[in-house]
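**Student:** A structural model of the following input is requested.
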Amino acid sequence: MRESRDFAVTVLVLAVLGVAAGVVWSLVAPRAPYVALDGGPALADPSTQALVAADGWFAVITGAVGLAVGLVGFVLSRGRSPAVLAGLAGGGLVAAFLARWIGGVVNLGTAHVAAPVAGGPAVPGALELTASGVLVTCPLLAVGLYGLLLGLGLYRDDDPVPSPPPL
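**Tutor:** Here you go, the predicted structure:
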């Protein structure tokens with residue numbers, strides 16, 4: 001029963017943090033500018049780095065969340081709960097997908113246009129990930145830090161240097 005509770009609490013905390021991370025991502029990540037043409041929306045500035053920058057900001061924000069919850073999860077569980085470790089992995093994925101969804105819906109960022117746009121006024125496009133691999137940043141860093149701390153703790157518990165025999 002306790003293991004189920006630990007897992008559920010870990011996933012729930014990560015889900016809430018994922019929503020907060022999505023809002024922060026929406027606030028700080030640049031949005032690519034688009035212009036409305038007859039054939040549909042098109043990038044206003046093809047040389048923009050906003051698409052790559054948005055992926056980078058997502059990785060930084062969710063990575064910071066992953067490191068924080070990995071450390072807190074280890075400290076609170078004293079490194080003895082496989083349910084917390086599983087919750088970090090599953091909840092980290094939930095947090096990443098929620099951050100991606102919330103970040104695309106909230107629209108707090110601004111569009112940056114490097115050159116004048118022909119064809120009409122530029123509008124900020126929806127925030128989205130172009131590199132789906134950054135979705136694993138949060139769970140990877142959370143589980144990795146938990147495992148590293150667990151390994152260091154086990155190494156410290158094991159005395160690798162034997163004591164000299166008494167004289």
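
**Student:** Return the distance of residue 104 relative to residue 27.
**Tutor:** According to Cβ to Cβ, to the nearest Å, residue 104 and residue 27 sit 13 Å apart. To be clear about C-beta, it is placed using only N, CA and C from the backbone, and glycine gets the same treatment.

**Student:** excluding its backbone neighbours, what's nearest residue 101?
**Tutor:** What sits nearest to residue 101 in space, not counting adjacent residues and going by Cβ to Cβ, 6 or more residues apart in numbering, is residue 22, at 6.7 Å.

**Student:** Which secondary structure element is home to that neighbour?
**Tutor:** If you go by DSSP states H and E, residue 22 is part of helix 2-28.

**Student:** I'd like the next helix or strand past that helix.
**Tutor:** For helix 2-28, the following helix or strand on the C-terminal side (DSSP H and E) is strand 33-37.

**Student:** and that following strand, which strands flank it?
**Tutor:** strand 40-43 (antiparallel), strand 123-124 (antiparallel) (DSSP bridges).

**Student:** now that strand: mean pLDDT?
**Tutor:** For strand 33-37, mean pLDDT rounds to 76.

**Student:** Kindly export it (C-alpha atoms) in CSV.
**Tutor:** C-alpha atoms of strand 33-37 as CSV (Å, rounded to 0.1, in the frame of the first residue of the first chain):
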residue,chain,number,x,y,z
PRO,A,33,7.1,34.5,-36.6
TYR,A,34,4.6,33.5,-39.3
VAL,A,35,2.8,35.5,-42.0
ALA,A,36,-0.5,34.6,-43.5
LEU,A,37,-0.3,33.9,-47.2
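
**Student:** Report the buried residues of it.
**Tutor:** Judged by neighbour count (16 or more other Cβ atoms under 10 Å), strand 33-37 contains these buried residues: 33-35.

**Student:** where does the chain have low pLDDT?
**Tutor:** 43, 45-48, 109-120, 122-124, 154-165, 167 (pLDDT under 70).

**Student:** how close does the most centrally placed residue in it sit to residue 85?
**Tutor:** For the chain, the residue sitting closest to the mean C-alpha position, by Cα atoms, centre = their mean, is residue 62 at 1.8 Å. Here residue 62 is placed at a distance of 18 Å from residue 85 (Cβ to Cβ).

**Student:** Could you do residue 44 as well?
**Tutor:** Note on residue 44: its distance to residue 85, by Cβ to Cβ, is 45 Å.

**Student:** With residue 53 instead?
**Tutor:** According to Cβ to Cβ, residue 53 and residue 85 sit 32 Å apart.
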